[in-house]
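In: Quick one, structure for this:
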Amino acid sequence: MATATKRILLAHGGGGQLTDELVADLIRPDLDNPVLAALDDSCILPTGIGRVAFTTDSYVVQPLEFPGGDIGRLAVSGTVNDLAVSGATPLGLSLALIIEEGLEESTLKRIIASVAATCHEAGVNIVTGDTKVVARGQADGLYINTSGVGIISPDRQLGYDRVAPGDTVIISGSIADHGLAVMLQREQGESIKSALHSDVAPLNSLIDAVFQAAGDGVAFMRDPTRGGLAGVASDLAENSGLHLTLDESCIPVRPETLYAAEMLGLDPLDVANEGKVVIVVRPDKADRVIKALHGHTLGSRAAIIGELTGERDGLCELITDVGGRRIVQKPYGEELPRIC
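Out: Residues are numbered from 1 along each chain as shown. All right, here's what the predicted structure looks like:
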């Protein structure tokens, strides 16, 4: 009997377990090298002048414009944030556009203006780029790829290997706003009015404030994009080899976000964010970090949400609002496609 041909699924792009399998089975074997093997948000390149961070990402969000943002703001913020959570100060970004024939010029003009405004907000420039146009039906309006380069200060050392028992886990604000805002806009359009807005924003100034407050007491950072907080938390436990306990009652979720998640049958822990960062710090620096976050516009709802302990089982456990316990796992596939 003939073997069925294996094909790529939409769920392979969701940032969950299927994405991990795709990278491990089809991409990494032929390309593997010590720098790539870390699989961090940015690779760290050793040079004679210090460590250079380099990252790239592609954006296919639909709709192109949504409450709180658009594909241009998303592209700049996402790349700046991938550099920032690696401890890097962004130096410059590339911008590559794949435009579908028929896209309204006014739409493109708004998105490019948003790119410029977000770059100004982040204190970074687009320094190179490329533009291609494809025939109708060969794209979905507009796709964007951005890459970024940054320099890492010698006093910023982050990684799973720096995480230790007793460390405190902090989230910089409310979760799940971006994914649910995009999903509601896509599914309901103008037929439903909601207070829900994407959290998309460049976080480099917020992250600078964290380093100023805690210095080498910061052990790890990651922005919980695809796969949400659940994805980052499960990766943190697995890759550090420690036990991570999260307290659901401490995780900030806006009422309108929680309502939308319940309406769509989604767990906010699994939903993407584009303006939040998960931070692991030494316990004696946690209060300083919270104070610094609360003093920044983008960190007003920051909270301590968990702790790493010495049980070396690599599991993430959630204490629920009602006092129960459950294991948190990275989402398997893609519950919310094309939200970034």
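
In: pLDDT weak spots in the protein?
Out: 1-2, 10, 13-14, 46, 48, 190-193 (pLDDT under 70).

In: Count the residues that sit near Gly265.
Out: Using other CB atoms under 10 Å, Gly265 is surrounded by 7 other residues. Placement of C-beta: from N, CA and C, glycine included.

In: Report the secondary structure state of Ala195.
Out: coil (DSSP: H, G, I helix; E, B strand; the rest coil).

In: The residue lying closest to it once chain neighbours are set aside: neighbour count?
Out: Computed as CB to CB, 6 or more residues apart in numbering, the closest residue to Ala195 that is not its neighbour in sequence is Glu256, at 4.8 Å. Neighbourhood size, Glu256 [other CB under 10 Å]: 16.

In: And the strand or helix carrying Glu256, what does it pack against?
Out: According to DSSP states H and E, Glu256 maps onto helix 255-264. Under the contact definition 3 or more CB pairs under 8 Å, 6 or more residues apart in numbering; DSSP states H and E, helix 255-264 sits against helix 177-188.

In: Distance from the helix it packs on to the middle of the chain?
Out: 16 Å (CA atoms, centre = their mean, to the nearest Å).

In: cool, stretch 249-263 as well?
Out: Using CA atoms, centre = their mean, the offset of stretch 249-263 from its chain centre is 18 Å.

In: That stretch: end-to-end distance?
Out: 20 Å (CA to CA, to the nearest Å).

In: quick one, domains of this protein?
Out: Following automatic domain parsing, the chain resolves into domains at 40-152, 160-328.

In: Which parts of the stretch 101-250 of the chain are strands?
Out: Along the stretch 101-250 of the chain, counting by DSSP state E, counting those that start in this stretch, strands occupy 126-134, 142-152, 168-171, 218-222, 243-247.

In: out of the ones you listed, nearest to Arg7?
Out: Set against Arg7 and scored by CB to CB, the strands of the stretch 101-250 of the chain come closest in strand 142-152, at 20.9 Å.

In: what's that closest one packed up against?
Out: Against strand 142-152 (3+ CB pairs under 8 Å, 6+ apart) you get strand 50-59, helix 71-84, strand 88-100, helix 105-122.

In: Buried residues, the last one. List them.
Out: When burial is assessed from 16 or more other CB atoms under 10 Å, helix 105-122 yields the following buried residues: 107-108, 111, 114-115, 118-119, 121-122.

In: Which helix or strand contains the nearest residue in space to Thr225 that is not next to it in sequence?
Out: Nearest residue to Thr225, sequence neighbours excluded (CB to CB, 6+ apart): Ala272, at 5.2 Å. Secondary structure from DSSP H and E places Ala272 outside every helix and strand.

In: Please tell me I have it right and Ala272 contacts Pro337.
Out: No - Ala272 is beyond contact range of Pro337, at 10.8 Å (criterion: CB atoms under 8 Å).

In: neighbour-wise, which of the two wins?
Out: Neighbours per residue (other CB under 10 Å) separate Ala272 from Pro337, with Ala272 holding more: 30 against 14.

In: That one and Pro283: what is the separation?
Out: 29 Å (CB to CB, to the nearest Å).

In: do Val149 as well
Out: To Pro283, Val149 is 34 Å away according to CB to CB.

In: what about these two, which has more around it?
Out: Neighbour totals were compared for Val149 and Pro283, and Val149 leads with 20 against 14 (other CB under 10 Å).

In: quick one: contacts for the more buried one?
Out: 52-54, 83, 90-92 (CB atoms under 8 Å, 6 or more residues apart in numbering).

In: Would you mind writing the ChimeraX command to select the buried ones in those residues?
Out: In ChimeraX, this line selects whichever of the contacts of Val149 come out buried by 16+ other CB under 10 Å:
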select :52,53,54,83,90
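
In: what residue is smack in the middle of the protein?
Out: Centroid check for the chain by CA atoms, centre = their mean gives Thr225 as the closest residue, at 2.8 Å.
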